[in-house]
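[1] Next one to model:
(one chain, ligands or ions: 1)
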Amino acid sequence: MKPKNDTFLRALLKQPVPYTPIWIMRQAGRYLPEYNQTRARAGDFLSLCKNPDLATEVTLQPIARFGLDAAILFSDILTIPDAMGLGLYFAEGEGPKFERPLREEWAIRDLTAPDPDSHLRYVLDAVSQIRRALNNEIPLIGFSGSPFTLACYMVEGGGSDDFRTLKTMLYQRPELLHHILQVNAKAVTDYLNAQIQAGAQAVQIFDTWGGMLSSHAYEKFSLAYLRQVVSGLIRDHDGERVPCIVFTKNGGIWLEKIAAIGCDAVGLDWTCDIGEARKRVGGKISLQGNMDPMVLFSDPAAIRKEVQRILVSYGSGSGHVFNLGHGVSQFTPPENVAALVDAVHELSKAFH
Ligand code: CP3
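    Numbering: from 1, shown residues only. Below you'll find the predicted structure:
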């Protein structure tokens, strides 16, 4: 069944909308005091992700505060490698880490895609619970990391400035990396399809690190597996089309190639001009983005100005979902997020 506010889904499918819909990457997070309270009750971030009641609670927090046009499942992209047995943990202030990074050939050969119905049950339970709580007011977005971005964390064992271990494998033992990517592509496809079956009404694939590759390596190690995932996705569920968004951070130079893998929309970071991007894809797919998250450290007047600039650049007509070019910073004043959402809703009416 269609949600009451379906502007987000309609924009992704390039159907007419009365205004440009908006949601924000990392909209549920540490910039919200109520999030920090729920997280404290959970004990830590991972326990929060693994508790469907609390994950539902934090998913709804930004929805209660702002007039957002979509909710996004509260979880993390690293649930897949955790379910593969790599032992995910979050060291305070240090970001994600794995107890058993994937380095040895035997461990790589043993790697298998987890069955989402058993090993990622808590995510699917959160999806169905969030859908019930949303009461069909706005749509719910499911998500996953891309096969390549997951491999970055799995091989490196955590975040990195240069992903040296991963890139060494890419150049020295490409067949090992391809094996990981093949398993990840199956894992991501199964996981997203399970989220869709549990009630996710659109999905986004986060390729956060694809943009650090050479063009040649991007096509072989990231894009090829994104294509494989997209072509394996359930596209219709409950009589509705389930749109798919692909976001490669720093992927602007490959926009035409990403647009051609069969997704409904491409997410843009703030480095590219959205109007030029629209011309480059020939209006064939939708675009999502692309305000610099740092604009939210200015003031409502400056935020409105930047919103207007982006709306003018995209121009009239459907096919644009407003978002930031990457996740909202944990230091963002929440009242500036309110100013952003209101500005997008108000100013975008003139473009439809
Ligand atoms: O957008 C949403 O509101 C949904 C929730 C969401 C989170 N992570 C919650 C989270 C989503 C979609 C993600 C995706 C994710 N996770 C990505 C891809 C998007 C991106 O940002 O590029 C990546 C690379 C990760 C891995 C990850 N998880 C990192 C690197 C970190 C540490 C980041 C930091 O700022 O410390 C996390 C932790 C994380 N994931 C937090 C949240 C709200 C902060 C954890 C906390 O509460 O301490």
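[2] Now do the strands in the stretch 151-300 of the chain.
    202-207, 236-237, 240-241, 244-248, 265-267, 286-291 (DSSP state E, counting those that start in this stretch).
[3] Give me the sheet partners of the first one and which way each runs.
    According to DSSP bridges, strand 202-207 has the following sheet partners: strand 140-145 (parallel), strand 244-248 (parallel).
[4] so of these, which one's packed in deepest?
    Counting by mean count of other CB atoms under 10 Å, strand 244-248 has the highest mean neighbour count of these, with a mean of 26. (Glycine included, C-beta is placed from N, CA and C.)
[5] Give me every residue in the stretch 101-250 of the chain lying close to the ligand.
    143, 159, 206, 208 (CB under 6 Å from any ligand atom).
[6] Who does the third one form a beta bridge with?
    Put plainly, it is residue 206. The residues listed as beta-bridge partners of residue 206 by DSSP bridges are residue 145, residue 247.
[7] contacts for the one helix or strand in the chain whose mean pLDDT sits lowest?
    Within the chain, confidence by mean pLDDT, DSSP states H and E is lowest for strand 88-91 among all helices and strands, at a mean of 92. Strand 88-91 is contacted by residues 44-46, 78-79, 81-82, 96-99 when judged by CB atoms under 8 Å, 6 or more residues apart in numbering.
[8] State the pLDDT value of residue 133.
    Looking at residue 133, its pLDDT stands at 98.
[9] gap between the helix or strand containing it and the chain center?
    Assessed by DSSP states H and E, residue 133 sits inside helix 121-134. On the basis of CA atoms, centre = their mean, to the nearest Å, helix 121-134 sits 17 Å off its chain's mean C-alpha point.
[10] All the helices of the stretch 101-250 of the chain, residue numbers only.
    When secondary structure is read from DSSP state H, counting those that start in this stretch, the stretch 101-250 of the chain shows helices at 105-110, 116-119, 121-134, 147-156, 164-172, 174-198, 215-217, 224-231.
[11] Just the buried positions in stretch 105-125, please.
    By neighbour count, and taking 16 or more other CB atoms under 10 Å as the criterion, the buried residues in stretch 105-125 are 108, 111, 113-114, 116, 119-125.
[12] and if you look at stretch 204-211?
    If you call a residue buried by 16+ other CB under 10 Å, then stretch 204-211 has these buried ones: 204-211.
[13] ok, these vs residue 178, which is closest?
    Closest approach to residue 178 among the buried residues of stretch 204-211 (CB to CB): residue 210, at 15.3 Å.
[14] Can you check the pLDDT for the closest residue to that closest one other than its chain neighbours?
    By the measure of CB to CB, 6 or more residues apart in numbering, the closest residue to residue 210 outside its immediate chain neighbours is residue 222, 3.9 Å from it. According to the model's per-residue confidence, residue 222 sits at a pLDDT of 98.
[15] Can you give me the neighbour number for residue 222?
    Using other CB atoms under 10 Å, residue 222 is surrounded by 27 other residues.
[16] for residue 297, same thing?
    Taking other CB under 10 Å as the criterion, the count of residues near residue 297 is 14.
[17] For residue 20, grab phi and psi.
    Backbone geometry at residue 20, expressed as degrees, to the nearest 10, gives phi -80, psi 120.
[18] An error on my part: the question was meant for residue 138.
    Per degrees, to the nearest 10, the backbone of residue 138 is at phi -130, psi 160.
[19] For the ligand, see how far away it is.
    Between residue 138 and the ligand the computed distance is 14 Å (CB to the nearest ligand atom, to the nearest Å).
[20] what's the distance between that residue and residue 130?
    As for residue 138, its distance to residue 130 is 11 Å (criterion: CB to CB, to the nearest Å).
[21] before we move on, what about residue 8?
    From residue 8 over to residue 130 (counting by CB to CB), the distance is 15 Å.
[22] Equivalent analysis for residue 166, please.
    With distances defined as CB to CB, the gap from residue 166 to residue 130 amounts to 33 Å.
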